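Participant: sequence first, then the predicted structure:
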Amino acid sequence: MKTVFERPKSLTFAKTHYCPGCTHGIIHRLVAEVLDELGVQEETIGVSPVGCAVLAYNYFDVDMQEAAHGRAPAVATGIKRVHPDKIVFTYQGDGDLASIGAAEIVHAAARSENITTIFVNNAIYGMTGGQMAPTTLVGQVSTTSPRGRDSEIHGYPLRMSEMLATIEGAVYIARVSVHNPQEVAKAKKAIKTAFELQIAGRGFTLVEVLSTCPTNWGYTPKEALQWLVDNMIPVYPLGVKKTLEEEKA
Amino acid sequence: MAKVLMKGNEALSEAAIRAGCRYFFGYPITPQNEIPQYLSKRLPEVGGVFLQAESEIAAINMVYGAAGAGARVMTSSSSPGISLKQEGITYMVGAELPCVIVNMQRGGPGLGSIQPAQSDYFQAVKGGGHGDYKLLVLAPATIQETVDLMGKAFDLADEYRNPVMILGDGILGQMMEGVELPAEETPVTLAGKPWATTGAKGRKPNVINSLFLDPIELEKHNHHLQRKYDCMAKEVLWENYQTDDAEIVLVGYGSSARIAKAAVDLARAQGIKAGLFRPITLFPFPKEALQEACKQAKHVLTVEMSMGQLVEDVRYNLEFKVPVHFYGRCGGMVPTTRAVLEEIIRWVKSGKEETHEDSL
């Protein structure tokens, strides 16, 4: 019998704690499939964040370190400087990367640390109960912006990929989504490109993945996907923000 | 081997390299800047990595990553920077990662001053960050002793899988003394660190982590850590100076102890039976040795560059059986030998009716 679908080797058999309809599971799978396809499972060291993906060390079947909130790029820097021949990645949410860890991600990019960051942006703090994130949209209701994010009080959402793309040390920055199979395929291609560039020793790579949070947004999984398309993509346009090809042009 | 004249900060940096340290992550702050400056030059010469981080917070988290990857790694800072590192330090203890942290203390609180102080004693020996934990804390008093303790610091860190702090001060970092450096050592290999994240080739993945969502498991983990701290008790180091017949025993560590020692000599010249007890490990605290040194003492006097921190541990470890007095300067001011001598004379002449309560 021919196997047409199986669990990637780089994922463990652990049952995840993610909510129904959350797209973390898809993103985990894409990263694991890429590690499998590149044949680097036994060469990889991952860094999990504080946030919904805090337990990623239970789900990726590779060596893992759990970092303090926002510090994953610094932890990954320490690992990569000791093992420059290994594949090192961080997996971070928007509160982790764009708020408390803004300095760490900016300087990892500035140093062109030869690591890959998977940045999962769902415009909210999921793990702690739906508080306003640095990427929460203007007008979006959260448990700490109950009348909707008011730019007069809370300012504006950060477009991290566009910001990071301005940094000389960043070699590949892309924003993708996983709201339908076509976009999932594009997301995987971007993740694979990022890891391939790391393996080639080119420098800092980051893939921002737009993600849903049905639980804290207050939608069904299906509604949440549509909300992402209608509301997030206009603020966070998809596409490659920076590549080495652009530099050559 | 011939002695060389070196600044404290530079001598300890060279000693770290000779102890097999190949990775340093730090951020500039006075009065410890000669450490990163020296290592930025030397580490690349021995195949190591020097990296100036974007902050002390990033630096200690780079140390976390490197330690978790199996490296012999260190960082250094001074008081305000050490406060920033506390987050990473408590995570390292929780994840059982070895490293060496140097604190060349300066005056506080806040931005304070850049002059020497010893006002981070509590922070160093009581934990410092959140959660129940301890660091092994070594407090050298001379540059030679600093150099001699660097190798020991890395070895203790590896043995206990716990951060070790070298608690110095601006005097120790900035002054120059003749020093004999240890012989070159071969860099430490990963062989002894099967828990390190090095890529899970032919083995199950390793995880470096301080999260225990199950309270039963976290309590077990805390008990495990506590057993390590209990085992550390055997690592105590101290120096006795003329304590055998001492009626007044001075207690001080680091630079203050050198000033106190000079005051003991002046007191002895006047016929006063004074002595000095100098803890070299501040955690674990050399309790039994202190009690032994003070067994004939009618008075104990701590000499500190703080508003009185070590004094609390001295009272506690003497079990409140002897009156323990305090003399200190702070904010970057340094006690003078004459002032310490006056304190000695004051207490020796104060009569024998002094109770412990009077001294508080």
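Facilitator: That came through, no problem.
Participant: for the residue of chain A found nearest chain B, give me its contacts.
Facilitator: Using CB to the nearest CB, the single residue of chain A nearest to chain B is A:Gly78, 2.6 Å away. Every C-beta, even on glycine, is put in place using the N, C-alpha and C of the backbone. Contacts for A:Gly78 (CB atoms under 8 Å, 6 or more residues apart in numbering or on different chains) come out as B:23, B:25, B:61-69, B:71, B:73.
Participant: what of B:Ala66?
Facilitator: By CB under 8 Å, 6+ apart, the contact list for B:Ala66 reads A:Gly78, A:Ile79, A:Arg81, A:Val82, B:Tyr23, B:Phe25, B:Val73.
Participant: next, count neighbours for the fourth one.
Facilitator: Neighbour count of A:Val82, defined by other CB atoms under 10 Å in any protein chain shown: 27.
Participant: what does chain A put close to chain B?
Facilitator: A:41-45, A:47, A:54-55, A:57, A:60-68, A:71, A:74-83, A:86, A:103-104, A:106-107 (CB under 8 Å from any CB of the partner chain).
Participant: in contact with B:Ala58, which residues?
Facilitator: B:Ala58 sits next to A:Arg71, A:Ala74, A:Thr77, A:Ala103, A:Glu104, A:His107, B:Phe25, B:Tyr27 when contact means CB under 8 Å, 6+ apart.
Participant: state the pLDDT value of it.
Facilitator: Predicted confidence (pLDDT) for B:Ala58: 98.
Participant: below-threshold pLDDT in chain A: ranges please.
Facilitator: Chain A contains residues with pLDDT under 70 at A:245-249.
Participant: okay, which residue is most central for it?
Facilitator: Residue closest to the mean C-alpha point of chain A, counted by CA atoms, centre = their mean, is A:Phe119 at 2.0 Å.
Participant: for that one, which non-adjacent residue is closest in space?
Facilitator: Among residues not flanking A:Phe119 along the chain, A:Glu208 sits closest, at 4.4 Å (CB to CB, 6 or more residues apart in numbering or on different chains).
Participant: narrow the contacts of B:Ala58 to those in strands?
Facilitator: The members of the contacts of B:Ala58 that map onto strands under DSSP state E are B:Phe25.
Participant: next, count neighbours for B:Val300.
Facilitator: Residues lying near B:Val300 (other CB under 10 Å) number 26.
Participant: so it is in which element?
Facilitator: strand B:299-304 (DSSP states H and E).
Participant: next structured bit after that strand?
Facilitator: Next helix or strand after strand B:299-304 toward the C-terminus (DSSP H and E): helix B:310-317.
Participant: which helices and strands does that following helix pack with?
Facilitator: Helix B:310-317 is packed against helix B:287-293, strand B:299-304, strand B:324-328, with contacts defined by 3 or more CB pairs under 8 Å, 6 or more residues apart in numbering or on different chains; DSSP states H and E.
Participant: in the helix or strand that the last one is followed by, which residues are buried?
Facilitator: Next helix or strand after strand B:324-328 toward the C-terminus (DSSP H and E): helix B:337-348. Judged by neighbour count using 16 or more other CB atoms under 10 Å in any protein chain shown, the buried positions of helix B:337-348 are B:Thr337, B:Val340, B:Leu341, B:Glu343, B:Ile344, B:Ile345, B:Trp347, B:Val348.
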